[in-house]
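Visitor: Quick check, what structure comes out for this input:
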Amino acid sequence: MNKSIGVFVLNIATALYLLATGIIGLAGRSWKNIAGGEIRQAVEGIFKRGNLREILIVVLAIAAIAAAAFILLRLFGIEVAITELLLIILMIVWLVFIILIDIIPLFDGKNFVDFLRSIGAHLMVLGGMALATEKFGG
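Guide: The predicted structure is shown next:
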């Protein structure tokens, strides 16, 4: 496969994953246990109750949706000034999610095969975001 086609496909996949993750984060508790409910799971793991928790979930979900939109816009040659900054911030947040969602539960008895599947998907998204930035991916 041509490298540019692979990068293009990975960017599309990353944008779709972030879009779905943001939508699921906004959808509420009923979707928290399905794949993609990382935003809600991570925030609820830190904050057990309160308005701050819900505000943070909404802000992070909207950031994921915005990052998806900016990745798609950049893919089709439309530059938005804050794309680079938003993607770098979201990459840092995504690293925190990986720690909260994948690594910490591994020490609490999470099934190792589930861990491999989950961290693999999350690292692919992180790689896709890195490729979409000029600083890391060009």
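
Visitor: looking at the chain, which helix or strand does the model trust least?
Guide: When the helices and strands of the chain are scored by mean pLDDT, DSSP states H and E, helix 38-46 comes last with a mean of 72.

Visitor: list the helices and strands it packs on?
Guide: Secondary-structure packing of helix 38-46 (3 or more C-beta pairs under 8 Å, 6 or more residues apart in numbering; DSSP states H and E): helix 3-27, helix 51-75, helix 83-97. For every residue, glycine as well, the C-beta is placed using N, CA and C.

Visitor: quick one: which of those is nearest Ala130?
Guide: helix 83-97 (6.5 Å; C-beta to C-beta).

Visitor: so where's the chain uncertain?
Guide: Scanning the chain for pLDDT under 70 picks out 1-3, 29-36, 135-138.

Visitor: Run the chain-centre distance for stretch 82-93.
Guide: 11 Å (C-alpha atoms, centre = their mean, to the nearest Å).

Visitor: could I get it in PDB with only the CA atoms?
Guide: Extracted C-alpha coordinates of stretch 82-93, given in PDB (Å, rounded to 0.1, in the frame of the first residue of the first chain):
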ATOM      1  CA  ILE A  82      -6.100  26.200  16.000                       C
ATOM      2  CA  THR A  83      -5.900  22.600  14.600                       C
ATOM      3  CA  GLU A  84      -2.300  22.000  15.600                       C
ATOM      4  CA  LEU A  85      -2.800  23.200  19.200                       C
ATOM      5  CA  LEU A  86      -6.100  21.300  19.600                       C
ATOM      6  CA  LEU A  87      -4.600  18.100  18.400                       C
ATOM      7  CA  ILE A  88      -1.500  18.400  20.600                       C
ATOM      8  CA  ILE A  89      -3.700  19.100  23.600                       C
ATOM      9  CA  LEU A  90      -6.000  16.200  22.800                       C
ATOM     10  CA  MET A  91      -2.900  13.900  22.300                       C
ATOM     11  CA  ILE A  92      -1.800  14.700  25.900                       C
ATOM     12  CA  VAL A  93      -5.400  14.100  27.100                       C
END
